[in-house]
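Participant: Sharing a model prediction with you, sequence too.
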Amino acid sequence: MAKSALFLILALASLPAAAQRAQAELECRFTGTDFVYDCLIRLKRAGEPLPGASITVGADMPSMPMAHNIRPVKAKPGKNPGEYLARLDLEMRGEWAVKLRLAGPVKDQLILHYDFDEKGARPVIRSGRLPRK
Amino acid sequence: MFVDLIQNTLDGLTSGAAYALLAVGFTLIFGVLRRVNLSYGPAIMFGCYAATWFHVHFQGGLLLLAVITIAGTVLAGAYVERLCFAPHRDGSAIAAMVASFALWMQLEELAILAMPKHLYAFPALYEGRPLALGPFSLRVEALLMLLVTVATCVALHRLLYRSRFGLAVRAVIEQPVAAQLAGIDLPGIFVRIFAVASLVGAIAGYLIVSSSEQVTPMLGMWSTLKGMLAMMLGGLGSLPGAVLGGLALGLIEAHSQWFFGPQVRDLTAYLLLFILLALRPSGLWTTTRSAS
Amino acid sequence: MDDYTIGVLTNIGLFSFLALSAYLLLITGEMSFGQQAFFGIGAYCAGILTAMYGVSLPLAAIAAMALGALAALLVGLPTLRLKGLYFAMATLAAAEMIRILFELLHFQRTVEGELLGPDGTQGFRGIRWVFESGVEPLHYLALIYVVLAVVLGLFAWIERSRLGATLRSLGQDPELAASLGVDVNRLKLGVAAAAGALAALGGVLYAHHNTYIEPRNFDIMLGIHSLAYALIGGLGTTFGPLLGVVVDIGLVEGSRVFEGYRMIVFGGLVAVLLVFRPRGLLDERVVHWLRARFS
Amino acid sequence: MSALLEVRDIVTAYGKIEALKGVSLEVQQGSITCLLGPNGAGKTTLMMTTAGILKPKAGSIRFSGDEIAGAAPHAIVTKGVALVPENRLVFPNMTVVENLHAGAYRRNDQPEIAADVDRMLTRFPVLKQRAAQGAGTLSGGEQQMLSVARALMSRPKLLLMDEPSLGLAPLIVEEIFRIIAELRKDGTTIFLVEQNAHMALTVAHHFYLIEQGKVTFSGTPGSLAEDEVIKRAYLGSAKT
């Protein structure tokens, strides 16, 4: 019994920092005007919604990262806790690396890869290259 | 194992055929103008996008789409020639190349704005099942690609060695000053050779998109890189070298992809070019001219 | 300054290192399509050191620059004899090889419970040294421009010294330079190494600004853009490449007027500009004219 | 006899360096006119300017009354001026016959062109044996013959020749000057730039001396002692 308790404490002590690190998901909808998307950001930490964070949302393209200066937008708190709303004005469709800069309780920067098309945005699971012939 | 070897060789020759055409187009422009046209691929993409745009709106037949691809490519090629190469004829090669790169950006963004989707279907060159030759299978569109490539090379050879225009082109390639003294109008030859190179590129582009049945904005960069790679492999400025370089690149990629996968395929192609350039700058097919 | 301005200025600063690296080679007559590879090497090397091994940023930067210089030598040595397009294609091939090696690079380590490190095409997340050290975007911007200022000072010192004249003579007429006793090969390798280190330094700063890098960031587009900036801005002065970067990323980008048509405008602008100024805005003649008037 | 070619105050520069500083001279119809002068005096520059390869900064060149200064080379060839360039510049990987056909590029009388090719091969027998060979495989003398034949294929009224004897054995140089004399008998006016002052003076009706971009003497052979001519043609006169 003691051994297993010890094991448990050790596990807790070395709680993976990742658990403290925030995670985020995006749900974006195309607004009808070219390349503008309304996005709902769900911010979590250790599985729990993370309210009260101030998020600046930017975006960059994988190729030529420094040449696309998308205007960063401050996200507004959404209906439920840990949800935030932001309107993203991108230059073109395709795969974008969405940058969430977190201030407030958690200081961090998250990069999320989403493929934006005429309906909305889908997460890019394997951000591999476009199928090269 | 033996079956794979032959199958890969067949696939390699097919993609090699398209690379050969791209390399020939690049070499025609480089041989005559002594300039690198980075907008060569993007002009082809522009032609293919024009055809796709037409197909999406008006459903064109295969032949009609081919004509539109060629027209679009030749048009884009003429635009590039007028803005990037005509003004720099006696000027610096770097300025012409960077200008052609600037138009690459332009052509690519134009295409993306006109057709924002990331991938467009393109009508297939041939719908049916691949031919079964014993254990090997050869897709009919691959066969068509090889045939059209051979036909294009024969036509080009006839143009260069049987016509007055061809005589002038070869003269300009070999000795531009003497060609002018012989009365050959250099600017006129440049414009027309650009059109011929664009035509060859358009054929290659059409074959590529119709056999892969898809068009992506990456086609511009991809065909520029593959065209230059094949041209350099074969030996700069030599047309037979370009065909050889194209086929060699196709074979190298097919076999290395089979054994090591796509990333190593590209790695092998680039490694070979690097070693070749370091050891034998004039490529497989030795040409007397070095490109300074 | 709002976030947007900081972002644009940061990008201008970051790109300047790459444009200066291409410029350094251009004035010695070498056209390289490969500086983006050393930019990538700097990014990956410093990222690994700071995120996975807790090395401090300055130390990681020095190591990254050394690695960038070494890589540039490895590419430069076999291509010493090549000129013009042959050299450009060799550097392109080398750079694409390095990019593909990044795609094949899977090297991860658990740091404080989190798996960190390059994961091939998945990229390399979590280069958070800037966050963990509490550096605000504005401070990081200042850091970039301080480092850039040091580099520009170095360039200015070289331009005025005999070395600067020798470099330009190498660009104008290598045979003549050799006949005047210039050890052309040793100088070329020195320039290649310096340009590699410079690009790597830019990579270090980029990686820590973006906190995430992936192989596609370092593709051929970056290389040709840096070459274009060096030429558009002008080969006459160190500020040429910076001007090239500012014209593209600052002006055309910043103006938002060309929303979505940026490349169409910039592409056309560059092509037309090069017709009238084939050696860029601030070419040698303009610089001499300016120097005559102001010095 | 009216002047077939009138060159007035031609200034041609390479960047800021003026190679020709206001050159004026004339070539009479049916004559052999020579231009002698040391290396770098501007002889080849004048030839290239007249042929249209180099654009003059100032001055005029009139060919049978028409202004051709700054015109495109192919237009000048069409008017009837052909240049046999320095160092021959044959098309190395093209055959001898193809080189000849290239020379007739401006003409569109196909049957006549074929006849002219045969005429050239008979006039220059050494070319007949090598007709199907690549021009690059020919000897220096043979290439010079080919270069002259190629220029004649455009049926010029005025033939410019830039140092045809350069680097050739004396026997071949005599052959070339024999051909030059023959061409003149056929009615072709020749403007000859030559290092070999002695040989030039044997065929010239009129000659000019050019030094450092300026004409410094104009006269007929004998109007200036030959050794004086040779001295100034190789060393340039001390006073300038």
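Facilitator: Looks like it came in fine. Numbers count the residues shown, from 1 in each chain, chains lettered A, B, ... in the order given.
Participant: The host helix or strand of residue D:210 pairs with which strands, and in what direction?
Facilitator: Applying DSSP states H and E as the criterion places residue D:210 in strand D:206-211. Partners of strand D:206-211 in the sheet, by DSSP bridges, are strand D:32-36 (parallel), strand D:214-219 (antiparallel).
Participant: Without its sequence neighbours, what residue ends up closest to residue 25?
Facilitator: By default, I'm working from chain A. Nearest non-adjacent residue to residue A:25, counting by Cβ to Cβ, 6 or more residues apart in numbering or on different chains: residue A:42, 4.6 Å away. Any C-beta I mention is one placed from the backbone N, CA and C, and that applies to glycine too.
Participant: switch to chain C, that's the one I care about
Facilitator: In space, residue C:25 is closest to residue C:32, 4.8 Å off (Cβ to Cβ, 6+ apart).
Participant: so is that neighbour in a helix, a strand, or just coil?
Facilitator: Here residue C:32 is recorded as coil under DSSP: H, G, I helix; E, B strand; the rest coil.
Participant: roughly how far out does the host helix or strand of residue B:231 sit from the chain middle?
Facilitator: Using DSSP H and E, residue B:231 maps to helix B:218-234. Here helix B:218-234 is found 7 Å from its chain centre; the criterion is Cα atoms, centre = their mean, to the nearest Å.
Participant: Tell me which other helices or strands that helix touches.
Facilitator: Under the contact definition 3 or more Cβ pairs under 8 Å, 6 or more residues apart in numbering or on different chains; DSSP states H and E, helix B:218-234 sits against helix B:2-33, helix B:40-58, helix B:93-114, helix B:186-212, helix B:239-260, helix B:262-279, helix C:84-104, helix C:220-233.
Participant: how does it look with 7 Å?
Facilitator: helix B:2-33, helix B:40-58, helix B:93-114, helix B:186-212, helix B:239-260, helix B:262-279 (3 or more Cβ pairs under 7 Å, 6 or more residues apart in numbering or on different chains; DSSP states H and E).
Participant: what is the orientation angle of that helix with helix B:239-260?
Facilitator: Inter-element angle recorded for helix B:218-234 and helix B:239-260: 110 degrees (by axes from the mean of the first three to the mean of the last three Cα atoms, to 10 degrees).
Participant: give me the number of residues near residue 57?
Facilitator: Just so you know, I chose chain A. Other residues near residue A:57 come to 24 when the count uses other Cβ atoms under 10 Å in any protein chain shown.
Participant: Oops, wrong one, chain C.
Facilitator: The burial count for residue C:57: 19, using other Cβ under 10 Å.
Participant: what's the closest non-adjacent residue to it?
Facilitator: Excluding its sequence neighbours, the residue lying closest to residue C:57 (Cβ to Cβ, 6+ apart) is residue C:129, at 5.4 Å.
Participant: Quick check, the one you found in contact with residue C:55.
Facilitator: No: between residue C:129 and residue C:55 there is no contact under Cβ atoms under 7 Å: 8.8 Å.
Participant: Those two - which one has more neighbours?
Facilitator: Between residue C:129 and residue C:55, counting by other Cβ under 10 Å, residue C:129 is the more crowded of the two (21 against 17).
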